[in-house]
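Colleague: how would this look folded up:
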Amino acid sequence: MCTGCYEMKMESLQQLDALQLLLRRNRVIYNDRLSDLDILDSHDFKSKYRLSLSSAEHLLSLMGDKLSPNTLRNSALTPEEKLCIALSVFASGSHQQIIGDVNLISQVSCCRAINDVAQCIAEM
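Modeller: The predicted structure follows:
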């Protein structure tokens, strides 16, 4: 094989690699989620979730271990986040996609959080 042909093929491969990098979908990762249990006062919490802050904290103390993430991934939902997501759906009847968008998570993660919390409540 001639040297010029080899160089042309290598250049073409490098250009293809550069194009693949440009076309690769960038994943958006949200790491800084805040729990409403920590940032809302009792009045705002009750108006948003239709449950008192002390009741939500009591629920969390009863089922916090069961809601702990089973993964070591750094973006797993905390028990507080799962509870707030589920309470939001229970209080508003909103769609999972909307609740997920508001909480910066996917619809699938929202669904799993709701199922986890509902299962814990049913087992009480």
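Colleague: from residue 39, how far off is residue 96?
Modeller: 22 Å (C-beta to C-beta, to the nearest Å). From N, CA and C alone the C-beta is placed, and that goes for glycine too.
Colleague: more neighbours: those two, which one.
Modeller: Ranked by neighbour count (other C-beta atoms under 10 Å), residue 96 and residue 39 place residue 96 first, with 19 against 9.
Colleague: what strand or helix carries the residue nearest to that one when sequence neighbours are not counted?
Modeller: Leaving aside its chain neighbours, residue 96 sits nearest to residue 110 (4.4 Å; criterion: C-beta to C-beta, 6 or more residues apart in numbering). Using DSSP states H and E, residue 110 sits within helix 107-123.
Colleague: pick out the residue closest to the middle of this structure.
Modeller: residue 105 (3.3 Å; C-alpha atoms, centre = their mean).
Colleague: isn't that residue up against residue 77?
Modeller: Yes - here residue 105 reaches residue 77: they are 7.0 Å apart, a contact under C-beta atoms under 8 Å.
Colleague: got the phi/psi numbers for the residue nearest to residue 69 when sequence neighbours are not counted?
Modeller: Leaving out its chain neighbours, the residue that sits closest to residue 69 by C-beta to C-beta, 6+ apart is residue 76, at 3.5 Å. Backbone torsions for residue 76, taken as degrees, to the nearest 10, come to phi -70, psi 150.
Colleague: one more: the one 10 residues further on?
Modeller: Reported as degrees, to the nearest 10, the phi and psi values for residue 86 are phi -60, psi -40.
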